[in-house]
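*Asks:* The amino acid sequence is not available; the structure is as follows:
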């Protein structure tokens with residue numbers, strides 16, 4: 001399984017922009033689209049309101065191209081948030097409200113061919129699970145949402161929300177530590193795959209002599225595979241639901257050489273992005289633990305270099321392709337079968 005991850009951009013696109021974005025998945029040889037189905041947008045006005053049309057367009061356009069859709073269910077509307085919540089990244093005050101949303105989504109989209117769901121995004125990071133990451137609270141959410149999804153659609157499959165690659169500290173919980181906390185509470189037996197986001201730039205995914213975020217996928221007791229094995233689910237696959245590399249930002253660009261990588265590095269050259277894109281596809285194909293890989297993302301969000309967040313695209317802001325576009329296409333095209 002290969003595809004492109006888009007975050008929350010697809011729902012805001014015009015029909016022409018949406019068609020062009022999804023045509024890019026087809027062009028690079030992918031078969032999956034990962035996109036936010038944001039609870040805050042669908043039920044902004046309250047528990048009895050559902051605004052499905054923006055995501056209907058995404059699903060219908062994807063299915064017209066024979067693309068599978070992986071919706072990310074996340075982000076809490078104000079009415080469902082705990083008191084004092086500063087934004088939509090707060091865990092819901094009542095997980096049952098989120099589960100009701102999940103069940104309604106599955107009821108609507110199963111008939112459109114959507115059967116795989118990712119529950120939240122990077123719940124081990126403080127920026128995405130407020131007030132602080134909590135494996136116990138996340139497992140409750142996972143259990144209730146998963147049950148609602150499978151009740152609405154018995155063929156539904158659940159992906160544990162893509163874990164951010166991080167050491168513990170600063171409010172974050174390391175991916176393997178967080179997964180162990182979920183597994184202790186039986187969460188590994190509630191899912192069909194574990195999501196993970198191993199951004200490795202400026203290093204290649206499988207950089208010789210370097211430790212990268214990819215090393216946490218498999219290979220020892222401290223890896224995701226090792227944690228799953230310790231809790232009795234050694235065959236559970238890891239889905240790379242995001243990975244990529246930005247080509248702009250406030251600091252310096254790395255071409256991958258030791259001399260060009262340092263504390264001021266915030267992004268990579270376009271050539272280095274292309275090398276990373278090809279390498280991650282090969283690494284995923286060579287690792288039997290990995291069940292899917294999604295590149296983030298299709299097009300740069302803007303040209304403001306004060307943040308590297310704007311520059312993860314395969315295309316520049318004007319729509320012209322970066323070298324990574326062709327590199328990703330060639331790498332996917334070289335996969336067996």
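*Replies:* All right, it came through fine. Just so it is clear, the structure is predicted and the values come from calculations on it, not from any experiment.
*Asks:* can you pull the pLDDT of the residue lying closest to residue 333 once chain neighbours are set aside?
*Replies:* Distances taken as C-beta to C-beta, 6 or more residues apart in numbering put residue 29 closest to residue 333, at 5.3 Å, once the chain neighbours are dropped. All C-beta atoms are positioned from the backbone trio N, CA, C, and that covers glycine. pLDDT, residue 29: 98.
*Asks:* Please name the residues that touch residue 29.
*Replies:* With contacts defined as C-beta atoms under 8 Å, 6 or more residues apart in numbering, residue 29 is in contact with 2, 329, 332, 333.
*Asks:* Please apply the same query to residue 107.
*Replies:* 152, 153.
*Asks:* go with 7 Å
*Replies:* Residues in contact with residue 107 (C-beta atoms under 7 Å, 6 or more residues apart in numbering) are residue 152.
*Asks:* Phi and psi next, for it.
*Replies:* The phi and psi values for residue 107, taken as degrees, to the nearest 10, are phi -60, psi -40.
*Asks:* Just the buried ones from the contacts of residue 29?
*Replies:* 2, 329, 332 (16 or more other C-beta atoms under 10 Å).
*Asks:* Just the ones of these in helices?
*Replies:* 329, 332 (DSSP state H).
*Asks:* I'd like the buried ones among the contacts of residue 29 laid out as CSV, including pLDDT.
*Replies:* Listed next are those as CSV, based on pLDDT from 0 to 100:
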residue, pLDDT
2, 97
329, 98
332, 97
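*Asks:* What residue, apart from its backbone neighbours, is nearest residue 96 spatially?
*Replies:* Once flanking residues are discounted, residue 96 sits nearest to residue 144: 6.2 Å by C-beta to C-beta, 6+ apart.
*Asks:* try residue 150
*Replies:* residue 156 (5.0 Å).
*Asks:* I'd guessed residue 25 sits against residue 4; true?
*Replies:* Yes. Counting by C-beta atoms under 7 Å, residue 25 does reach residue 4; the two are 5.1 Å apart.
*Asks:* tell me, what's touching these two both at once?
*Replies:* Joint contacts of residue 25 and residue 4 (C-beta under 7 Å, 6+ apart) are residue 33.
*Asks:* Now do the helices in the chain.
*Replies:* 15-28, 39-42, 53-64, 95-109, 135-152, 175-184, 224-230, 270-286, 323-333.
*Asks:* where's the residue located most distally from the centre of the chain relative to residue 204, distance?
*Replies:* Ranked by distance from the centre of the chain (C-alpha atoms, centre = their mean), the top residue is residue 259, with 31.1 Å. Between residue 259 and residue 204 the computed distance is 16 Å (C-beta to C-beta, to the nearest Å).
*Asks:* Then residue 37?
*Replies:* Counting by C-beta to C-beta - residue 37 and residue 204 are separated by 32 Å.
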